[in-house]
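Peer 1: When you get a sec, could you give me coordinates for this:
(4 chains)
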Protein chains: 2
Amino acid sequence: MDLKYQIKDRLMSAGVKPSLQRMQVLEYLTEHPVHPTVDMIFLALSPAIPTLSKTTVYNTLKLLEEQGVIQSITIDEKNVRYDADTSAHAHFKCKGCGKIEDLYSEVLNPNALEKYNYLQFTDAQVYYRGYCTECQKEFNERFSINK
Amino acid sequence: MDLKYQIKDRLMSAGVKPSLQRMQVLEYLTEHPVHPTVDMIFLALSPAIPTLSKTTVYNTLKLLEEQGVIQSITIDEKNVRYDADTSAHAHFKCKGCGKIEDLYSEVLNPNALEKYNYLQFTDAQVYYRGYCTECQKEFNERFSINK
DNA sequence: ATTAAAATTGTAATAATTACAAATAAGTAA
DNA sequence: TTACTTATTTGTAATTATTACAATTTTAAT
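Peer 2: Numbering: from 1, shown residues only, chains lettered A, B, ... in the order given. This next block holds a predicted model:
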């Protein structure tokens, strides 16, 4: 049972102190790759950690995302979903049952999705986040003051 | 000034009765392609339509999306954004200033984004929505009862 | 002009998330 | 250990986006 050690290692190498709560959240996310909501995680861990607060779950997820350990998924317009798999892959949300599946590699291009005709998709969204030209410039200028 | 007529036409051909409120919402979205929030739309139209209710803005946006006239964008985890351009294009959100830009054609594949190295993007998300195999099957079965 | 249907409005309810201060736990130096 | 400092967790309250719903107004039809 070296899963616990792997989890601990992932946290430590990301500079996150491996507290009980943090380990449990990350372990749950890793073992349940169904892109759970904050509430699902909280409800699942509560029995094991009776003192657990939902705020801690929020704090932990935020921290883990900032450190690049996990990613948040906004494919559902109601709740944010979380994913311990940060490798490049796409997501598919079924508008029937609501489940969110992973799609890998070749489907990153919507035009290539025709191959996956067993899935009837009604819309495709491609989102990038980062820093625009202006904000980069501003950042560079601020940085060069101390040069 | 045939913009008003174009707007009215887009509504009518989508089977949406072109009321004052609906026309104004769609016109605003078309003229301000900055992916505004519900609140931004409401605040912008309030002076012109003093009786306007925020619920109407919600209702209208929901209706227009259902009829395929506009699309909603969940790139921002806080507020839903709206876009009158329903053609295939990707979105880029600046984590500095928060603005959301459009990216076209070739960048639909994240692997091709290297060309756009003026943008420093920190993450890419590809979302599909539709119906999974199980839900399709269930739908087909229900449908075939009356066959 | 009357009536019916559709659209809009306002208020209240719901629910996700955040803010924040208090409590607890962990870490460090004497 | 003890005292002290810092980090983490917790609980409550506040905030905010969205939805529910009933009442009102507008539109369309007879």
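
Peer 1: Is residue A:84 in contact with residue A:35, as I believe?
Peer 2: No. Assessed by CB atoms under 8 Å, residue A:84 is found out of contact with residue A:35, at 9.6 Å. Every C-beta, even on glycine, is put in place using the N, C-alpha and C of the backbone.

Peer 1: ok, the two, which is more surrounded?
Peer 2: residue A:35 (25 against 20; other CB atoms under 10 Å in any protein chain shown).

Peer 1: Tell me which residues touch the more buried one, please.
Peer 2: Counting by CB atoms under 8 Å, 6 or more residues apart in numbering or on different chains, residue A:35 makes contact with A:73, A:81, A:82, A:83, A:91, A:100.

Peer 1: wait, is it part of a helix?
Peer 2: No. Read with DSSP: H, G, I helix; E, B strand; the rest coil, residue A:35 is coil and lies in no helix.

Peer 1: which residue sits closest to it, ignoring its sequence neighbours?
Peer 2: Nearest residue to residue A:35, sequence neighbours excluded (CB to CB, 6 or more residues apart in numbering or on different chains): residue A:81, at 4.0 Å.

Peer 1: and that neighbour, what does it touch?
Peer 2: Counting by CB under 8 Å, 6+ apart, residue A:81 makes contact with A:35, A:36, A:37, A:72, A:73, A:74, A:75, A:100.

Peer 1: Cross-check the residues you listed against DNA strand C and keep the overlap.
Peer 2: Filtering the contacts of residue A:81 for proximity to DNA strand C by CB under 7 Å from any atom of the strand leaves residue A:37.

Peer 1: which neighbours do residue A:84 and residue A:35 share?
Peer 2: Counting by CB under 8 Å, 6+ apart, residue A:84 and residue A:35 have no contacts in common.

Peer 1: what about stretch A:94-104, how long is it end to end?
Peer 2: End-to-end distance for stretch A:94-104: 16 Å, by CA to CA, to the nearest Å.

Peer 1: Check whether that stretch comes into contact with DNA strand D.
Peer 2: No. For stretch A:94-104, no contact with DNA strand D is found by CB under 7 Å from any atom of the strand; the gap never falls below 13.9 Å.

Peer 1: Thanks a lot, catch you later.
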